[in-house]
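Q: let me see the structure of the following:
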Amino acid sequence: MGREVKRRNIPVLFSVTAVALAVSGLALAQPSTPPDVLPPPAEIPPPFPFPSPDPIAVPGAGARPAWACPASGYAEPRYGYVGRNADGPAAAEAASPCSPMEVAMAADAAGMARDGRAPYGFKYIIGLQFRARGTFAVDGARPEKVDSIEFQGDYTKPAVRLIIKRGERTDIRVSSEKLAWNEATEGGDASPIRNGAAAAREMEILLKLTPFGGLWSAIEAEGHAKVSKTANGMIVLNGVSPYDGLDATTTLNNQGLPATITVKDGRNTYAATFANYRGTANPQKIEWEPFYHTWFPTKITWTKNGRPFADLEVYGFFSNPYVVFPVPANLRTASR
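A: Predicted coordinates for the structure are as follows:
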């Protein structure tokens, strides 16, 4: 099963100075509300080198007088193309002219924002996979020791798979399209989870409690994202994504990377803290991923309503993995 336009992108670094120039002069008539679906371009270009279908979305392609932030705070999406691993070009969404510069800087620091022959954009990390050990609230309330937990996530659906191992027992839980289920094996026979809607919502929130997840909220909030500072001068980004309604606040550290994230959903407040980031500033030094400017913490803690939810030591990370979350036919039929 393909993920169509949502495949791994070939990352290209960009300078924040170039971003400032690119974002400052954009303009275009926009809808008053964000689109429900971000469609791919109508035509797929030939292999490299390839043109963008929208010159306005290409850095350095001339003046951009036709694309500015409208009063709604949401820009009509613009697209170009970017290379992806092994299977040709994919549609790529250009950065919104409504987003604050601080959001661009945070996306740059985390490796989410890239430039080049592709349009300058914020959404180049669309998924993740990490492995950790430590404690996790398997029952949703009380943390317990786990031998390992593998977290697979897709920010665009959104969707999550948790593979939890405790001794001889392995639990596999998946959420997608507001549904949640257990799998006998990864991608295998499925059975619904009790209180599935609540379980799916909580897994969706856990996806936000990853370094890129909180930034996705600020990115999707576009012109409605709020920027402030802590008493000691750290930048704080707040945004409510129009696609999920989750109120996410991300505080950045001295390197501009997420240090904490708080997500509010009704009466529940979830929080995450991150420490000991590792990355590949030197492409010849392989830590997480070779040749990718991507950073991820080795320490993650989660709380729910102020109580411990997870305390994880991360020992493996991969950005934009090929992971799929098809809703099983028996669950899709039952949900109708």
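Q: now do the strands in the stretch 101-250 of the chain.
A: For the stretch 101-250 of the chain, the strands defined by DSSP state E, counting those that start in this stretch cover 127-136, 144-154, 159-166, 169-176, 179-183, 190-192, 226-229, 235-240, 247-252.
Q: residues in contact with the fifth one?
A: This means strand 179-183. Here strand 179-183 makes contact (Cβ atoms under 8 Å, 6 or more residues apart in numbering) with 161, 171-175, 189-193, 196-197, 199-200, 203, 327-328, 331-332, 335. The way it works is simple: take the backbone N, C-alpha and C, and place the C-beta from them, glycine included.
Q: all the helices of the stretch 51-200 of the chain, residue numbers only.
A: 101-110, 196-208 (DSSP state H, counting those that start in this stretch).
Q: switch those over to JSON lines; also include mean neighbour count, mean pLDDT and distance to Arg166.
A: Output for the helices of the stretch 51-200 of the chain, formatted as JSON lines (neighbours: other Cβ atoms under 10 Å; pLDDT from 0 to 100; distance: least, Cβ to Cβ, whole Å):
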{"stretch": "helix 101-110", "mean neighbour count": "22", "mean pLDDT": "91", "distance to Arg166": "31"}
{"stretch": "helix 196-208", "mean neighbour count": "21", "mean pLDDT": "95", "distance to Arg166": "18"}
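Q: mind giving me the domain split of the chain?
A: Domain ranges of the chain: 16-110, 127-334, per automatic domain parsing.
Q: looking at the ones you listed, spot the one closest to Gly121.
A: Minimum separation from Gly121 across those (Cβ to Cβ) falls at domain 16-110, 5.0 Å.
Q: need the helices of the stretch 51-200 of the chain in a markdown table (columns: distance to Asp147).
A: What follows is the helices of the stretch 51-200 of the chain, written out as a markdown table (distance: least, Cβ to Cβ, whole Å):
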| stretch | distance to Asp147 |
| --- | --- |
| helix 101-110 | 29 |
| helix 196-208 | 19 |
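Q: of all the ones you listed, which one comes closest to Arg142?
A: Among those, helix 196-208 comes nearest to Arg142, with 14.6 Å by Cβ to Cβ.
Q: help me confirm that Thr303 is found in a strand?
A: Yes. Counting by DSSP: H, G, I helix; E, B strand; the rest coil, Thr303 is located in a strand.
Q: list the contacts of it.
A: So Thr303 contacts 270-272, 309 (Cβ under 8 Å, 6+ apart).
Q: dump these to TSV, plus distance to Val240.
A: Below are these laid out as TSV (distance: Cβ to Cβ, whole Å):
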residue	distance to Val240
Tyr270	15
Ala271	17
Ala272	17
Phe309	22
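Q: select from these the one having the most neighbours.
A: Ala272 (26 neighbours; other Cβ atoms under 10 Å).
Q: elements contacting the host helix or strand of it?
A: Taking DSSP states H and E as the definition, Ala272 sits inside strand 268-278. The contact analysis (3 or more Cβ pairs under 8 Å, 6 or more residues apart in numbering; DSSP states H and E) places strand 268-278 against helix 196-208, strand 258-265, strand 296-304.
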